[in-house]
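Q: make a model of this:
(one chain, ligands or ions: 1)
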Amino acid sequence: MSPSITIGILALQGAFAEHQIRLQNLRLKRKIETVLVKTPEDLQRCHALIIPGGESTTIALLARLSGLLEPLKEFIRVKPVWGTCAGAILLAQSVTGAKKDGQELLGGVSIDIARNGWGSQVESFEAPLDVTGLQDPSVPFTGIFIRAPVVLALEPDAPIQVIARLAPHLLPEPAEDENDPRTVVALRQGLHLLTTFHPELTQDDRFHDYFARKCVFPTVPGVVVG
Ligand SMILES: NC(=O)CC[C@H](N)C(=O)O
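A: Numbering: from 1, shown residues only. Next up is the predicted model:
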């Protein structure tokens, strides 16, 4: 049997425990171990990483204080990483509207994003999403959006695959064009996955299954893909 795969969850602040539960629920042909990452030594054990939702400024500050900022940037250059909500902000290459020196980013995904882009009157909402590549694609995935970021632009030449969009009329300022970047709520770029909502809060493991099978398994030799 091929050796197990270790998926880390950055556990400095936010919804890391829920991601761990979802990963532990997966039934795949390859054994997955999970690590709550708090130090550079924890990170070194991982084949892949999830950066959870929470408060992106706090996570970045705690990463700096834990000596994780540079190791995380290096990890993202070579290994699969999935950012959810605050984690998606940290994976973005730029944040519009951030105070100068107010937001440290890890980068890795070629998008511009806005924090809390739904406005304070829309703190959170749920929406059914059709997601390309999930198991049972005819069953919508319930996206839970909590003070979620909004994608403002995708770098034109970047190898980005949009895998889920919101209906244009659900945007705070409705879009006329269904390709408006603000409708993008889940995407892949190379090894990386980014979701502006919280799949770990839905009792549905399909996004974690997607990350493991499509982003992580192909990078670790000896894997039996289920
Ligand atoms: N649910 C979340 O992760 C919210 C993200 C938060 N608004 C931020 O800017 O970091």
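Q: what's around Ser56, how many residues?
A: By other C-beta atoms under 10 Å, the residues close to Ser56 number 29. For every residue, glycine as well, the C-beta is placed using N, CA and C.
Q: meant to ask about Gln161, not that
A: Neighbour tally, Gln161, other C-beta under 10 Å: 12.
Q: low-confidence ranges, the protein, go.
A: Across the chain, residues meeting the criterion (pLDDT under 70) sit at 1-2, 99-102, 120-122, 223-226.
Q: identify the bridge partners of the most centrally placed residue in the chain.
A: Nearest residue to the geometric centre of the chain (C-alpha atoms, centre = their mean): Gly83, 2.2 Å. In this entry, Gly83 is beta-bridged to Ile51, Leu194, by DSSP bridges.
Q: surely it is in contact with Ile89?
A: Yes. Using C-beta atoms under 8 Å, Gly83 is in contact with Ile89, at 7.5 Å.
Q: hmm, Ala86 and Ala148 touching each other?
A: No. Using C-beta under 8 Å, Ala148 makes no contact with Ala86, being 9.5 Å away.
Q: which bits of the protein sit near the ligand?
A: Gly53, Gly54, Glu55, Ser56, Cys85, Ala86, Ile89, Arg115, Asn116, Ile146, Arg147 (C-beta under 6 Å from any ligand atom).
Q: at 5 Å what do you get?
A: The chain has residues Gly53, Glu55, Ser56, Cys85, Ala86, Arg115, Asn116, Ile146, Arg147 near the ligand, with proximity defined as C-beta under 5 Å from any ligand atom.
Q: of the residues you listed, just say which sits nearest to Pro156.
A: Arg115 (23.1 Å; C-beta to C-beta).
Q: that closest one: neighbour count?
A: Other residues within reach of Arg115, judged by other C-beta under 10 Å, total 21.
Q: any idea how far it is from Val151?
A: 12 Å (C-beta to C-beta, to the nearest Å).
Q: now Leu10
A: From Leu10 to Val151 the distance is 21 Å (C-beta to C-beta).
Q: the two: who's more crowded?
A: Using other C-beta under 10 Å as the criterion, Leu10 and Val151 rank with Leu10 on top: 30 against 26.
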